[in-house]
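>>> Sequence and predicted structure, then a few things I'm wondering about:
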Amino acid sequence: MPQPSVNECSLLPHNHYWITSKRIVTPKGIISGAVEINGGNIVSVVGEEDWRRNPSSGQVRDYGEAVIMPGLIDVHAHLDDPGRTEWEGFPSGTRAAAAGGLTTLIDMPLNSFPSTVSEETFKLKLEAAEGRIYVDVGFWGGLVPENAFNASALEGLLRAGVLGLKSFMCPSGINDFPMTNASHIKEGLSILSKYRRPLLVHAEIKQELEGYLTLEDSTESARSYSTYVKTRPASWEEAAIRELLTVTKDTRTGGPAEGAHLHIVHLSDARCSLDLIKEAKSRGDSVTVETCPHYLAFSAEEIQDGDTRFKCAPPIRDAANREKLWEALTDGHIDMLSSDHSPTVPELKLFGTGDFLRAWGGISSLQFVLPVTWSYGHKYGLTLEQLVSWWSEKPAKLAGLNLKGAIAIGYYADIVVWEPEVEFDLNDNHPIYLKHPSISAYLGSRLSGKVLATFVRGNLVYEEGKHAPAACGVPILAR
Ligand SMILES: NC(=O)NC(NC(N)=O)C(=O)[O-]
Ligand SMILES: [Zn+2]
Ligand SMILES: [Zn+2]
């Protein structure tokens with residue numbers, strides 16, 4: 001395939017330049033000054049006084065009061081490519097990411113077809129990504145019963161470059177991605193320890209539903225979110241996490257799986273499940289946990305009957321739970337955020353019947369996670385440093401991306417420039433680059449935080465409603 005010329009990769013004609021602003025979020029604090037970018041990397045970061053004494057005579061872009069911070073890293077995105085590109089796909093998903101200030105996505109191994117569960121299927125993923133990604137993309141491989149006890153298959157997948165593995169403790173909704181139990185997970189962790197890569201787990205285990213026969217027998221309306229929440233109570237998350245934590249003790253220093261790490265995805269239950277995770281961390285287990293903006297923004301009580309845009313698993317719980325999630329996040333018990341962007345075609349959202357029990361579960365949010373986190377976090381005194389920790393630093397660490405997640409010398413110039421104070425209505429007039437804008441749960445909201453520009457490895461990939469013409473994102477492979 002012919003390589004795009006360098007100037008198609010970027011909306012800027014030069015690769016050595018400075019960006020300046022009054023608010024640059026660095027690991028040493030927020031400074032006023034300049035960031036020098038050369039050949040895709042950050043080569044210097046200077047404070048205002050030094051800059052004033054010794055300004056550059058080269059190319060300078062002054063962003064005034066706008067915030068310059070590391071691009072967001074989303075460790076949980078379903079891009080559905082290859083095989084279900086009518087749901088999303090690499091081009092639309094990564095263009096939406098660029099417009100939203102996300103500079104790196106880690107793609108989930110399921111919802112594409114085939115699922116990424118072997119070296120062969122990973123090869124198909126990489127072929128699908130070639131020349132079609134507008135931001136950097138890394139990949140999780142799948143841990144499934146078929147490969148869990150097959151060390152050479154799993155190692156083949158890891159050696160091919162997946163950043164870690166992902167598994168489900170309940171049905172995933174995808175036929176070629178069956179669920180795993182604790183013994184599969186124990187096996188997976190022992191292989192991962194050699195590679196020092198993480199296992200991400202969807203932690204819900206089906207339990208008997210109290211006072212409830214089957215969904216079909218239910219007299220309650222399937223159009224009501226509360227019916228759906230009752231079918232996936234917090235006890236499902238708690239049961240899964242309890243079981244997971246019986247195997248994470250292996251990850252402690254000196255344990256048989258030292259070097260492996262377990263990451264619990266999309267925590268919704270801020271009560272017992274969270275207490276269990278806190279205990280495991282204090283015991284020294286190598287465990288982290290993420291939650292998602294939709295659990296922080298919405299509450300089950302507010303979701304309108306039939307509005308299946310909000311269906312996801314685990315479900316969005318009550319408003320008191322949402323408060324506890326914010327508290328856990330600001331107290332540092334929840335480590336990071338991810339989108340869990342999991343779109344489908346509008347038809348599978350069943351807007352006609354509004355049936356929460358049968359509609360596709362998954363929230364579409366990718367392009368909006370920055371303004372959503374910022375807008376809903378305002379009430380909790382959210383700071384720019386916290387945003388960077390939850391959306392860039394910690395995700396980079398989880399995925400093993402050593403040169404991403406900070407504005408610091410030697411790091412890739414993966415940067416978002418945005419105006420936190422600027423408000424906008426997310427309506428039909430707003431440019432949305434996701435494949436199916438109508439299924440996004442945030443449509444109709446008023447948000448604050450406008451993205452002005454996004455740089456990936458020094459390429460200006462998005463600015464003010466315009467994308468760079470060529471898809472020059474890099475597939476990230478572990479080595
Ligand atoms: N197959 C899926 O994409 N499932 C996803 N669906 C959600 N979260 O509703 C997930 O991450 O579990
Ligand atoms: Zn999940
Ligand atoms: Zn997911």
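Looks like it arrived, so ask away. Residues are numbered from 1 along each chain as shown. Ligands and ions are numbered 1, 2, ... in the order given.
>>> Can you pull up the residues of the chain that come close to ligand 1?
Residues of the chain lying close to ligand 1 by CB under 6 Å from any ligand atom are 78, 110-111, 172-174, 202, 266, 312-313, 340, 342, 361-362. In short, each C-beta sits where N, CA and C put it, glycine included.
>>> Please repeat the previous calculation with a cut-off of 8 Å.
Residues of the chain lying close to ligand 1 by CB under 8 Å from any ligand atom are 76, 78, 108, 110-111, 168, 172-174, 177, 202, 265-266, 311-314, 340, 342, 361-363.
>>> Among those, name the buried ones.
76, 78, 108, 110-111, 168, 172, 174, 177, 202, 265-266, 311-314, 340, 342, 361-363 (16 or more other CB atoms under 10 Å).
>>> Keep the residues you listed, but drop any that are not near ligand 3.
Contacts with ligand 3 within those, counted by CB under 5 Å from the ion: 340, 342.
>>> who touches residue 190 in this structure?
Applying CB atoms under 8 Å, 6 or more residues apart in numbering to residue 190 gives the contacts 250, 256-257, 260.
>>> got these as CSV, with pLDDT columns?
CSV is the format used below for these (pLDDT from 0 to 100):
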residue, pLDDT
250, 95
256, 95
257, 96
260, 97
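>>> List phi and psi for the residue of the chain most remote from its centre.
Centroid-distance maximum for the chain: residue 53 at 40.6 Å, with CA atoms, centre = their mean. Residue 53 adopts backbone torsions of phi -70, psi -30, taken as degrees, to the nearest 10.
>>> what do you get for residue 468?
As for residue 468, its main-chain torsions (degrees, to the nearest 10) stand at phi -60, psi 140.
>>> Distance check, the residue of the chain found nearest ligand 3 against residue 470.
Closest to ligand 3 within the chain is residue 340: 4.3 Å, counting by CB to the ion. Shown here: residue 340 relative to residue 470, a distance of 29 Å by CB to CB, to the nearest Å.
>>> now residue 235
Taking CB to CB, one finds residue 235 at 49 Å from residue 470.
>>> Over to residue 446?
Distance from residue 446 to residue 470, by CB to CB: 34 Å.
>>> between the two, which one's more packed in?
residue 470 (18 against 11; other CB atoms under 10 Å).
>>> and the more buried one, helix, strand or coil?
Using DSSP: H, G, I helix; E, B strand; the rest coil, the structure places residue 470 in coil.
>>> Roughly how far does it sit from residue 133?
Counting by CB to CB, the gap from residue 470 to residue 133 is 11 Å.
>>> so what's the closest residue to ligand 1 within the stretch 351-479 of the chain up against?
When scored by CB to the nearest ligand atom, the stretch 351-479 of the chain has residue 361 as its residue closest to ligand 1, at 3.6 Å. Residues counted as contacts of residue 361 (CB under 8 Å, 6+ apart) are 173, 311-313, 342.
>>> Can you redo those as a markdown table, where the extra columns are distance to residue 95?
Below are the contacts of residue 361 laid out as a markdown table (distance: CB to CB, whole Å):
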| residue | distance to residue 95 |
| --- | --- |
| 173 | 26 |
| 311 | 25 |
| 312 | 23 |
| 313 | 27 |
| 342 | 18 |
